[in-house]
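> Show me how the following folds:
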Amino acid sequence: MEGDNEVSLPKATLQKLIKDYMPGEVRVASETVDMLIGCCTEFIQLISSEANEFATKEGKNTILPEHVIKALNELGFSEFVSEINLTWEQYKEDAKMTSNQKASLRKTGADQAGLTEAEQIALQQQMFAAARARSMTTADNAAAMAAAYQAQLAALGQQQQQQQQQSCAAPSQTPAAQPRPQAHAAQETGDPSANAQP
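Residues are numbered from 1 along each chain as shown. Got it, this is the predicted structure:
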């Protein structure tokens, strides 16, 4: 058993299982727990090896639950099959429920209500305006702030429209050719008289 230490079950977990199944007044020695761990490890390795053979015969790279059930029947442990099937069905139900819970947690309230992104943004802006209005000390201030906010939104929308219209209507302009200074003209032509001042 010394060489099997790297392939073993957690001792604390097995001790808890033993404690749960034994009467409260029964104590189990540490050596007994070690022996049970060795037996469980050997059993798991035996079933895994046989299930792997079934998987290999079917050309599969993964051991599936049906391979484990075939292995149990082949090795004479068919009395475990019904409980394993029940446990497997319970596992699938739990996994399905967990998956559904995770999916529902990923959805926001707006997603669950079926709102589009634009509707979500509009709703968010309304909620911000309402929160600002509640935080104001008087109703007049709140109304004035809401009106100012709406005016800013309208002005921003108009600016964006104007910018879009200008970008669509503005033809591309090329800069006009500018005359060259005389000093540069003389250097390029090599004519010293071009440097002369008028």
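> So, low pLDDT: which residues of the protein?
Judged by pLDDT under 70, the chain has its weakly predicted residues at 1-6, 104-113, 136-140, 142, 170-198.
> which residues of it fall in strands?
With DSSP state E as the criterion, the chain has no strands.
> separation between Gln125 and Lys70?
Computed as CB to CB, to the nearest Å, the Gln125 to Lys70 distance reads 62 Å. (Glycine included, C-beta is placed from N, CA and C.)
> Pick out whichever of the two has more residues nearby.
Between Gln125 and Lys70, counted using other CB atoms under 10 Å, the more crowded position is Lys70 (19 against 13).
> mind listing what the nearest residue to the more buried one once chain neighbours are set aside touches?
Across the structure, with CB to CB, 6 or more residues apart in numbering as the measure, the residue nearest Lys70 apart from its sequence neighbours is Phe54 (4.9 Å). Phe54 makes contact with His67, Lys70, Ala71, Glu74 under the criterion CB atoms under 8 Å, 6 or more residues apart in numbering.
> Buried ones from the residues you listed, can you make that a PyMOL selection?
Those of those that meet the burial criterion (16 or more other CB atoms under 10 Å) are gathered into one PyMOL selection, given here:
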select buried, resi 67+70+71
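> Looking at the contacts of Phe54, which one is closest to Ser8?
Each of the contacts of Phe54 was checked against Ser8 using CB to CB; the closest is Ala71, at 20.9 Å.
> Once you drop chain neighbours, what's closest to the closest one?
Taking CB to CB, 6+ apart, and ignoring the residues beside it in sequence, Ala71 has Glu50 as its nearest neighbour in space, at 3.6 Å.
> That neighbour: neighbour count?
When neighbours are defined as other CB under 10 Å, Glu50 has 20 of them.
> distance of it from Ile63?
Here the criterion is CB to CB. By it, Glu50 lies 10 Å from Ile63.
> Thr116 too?
For Thr116, the distance to Ile63 (CB to CB) stands at 46 Å.
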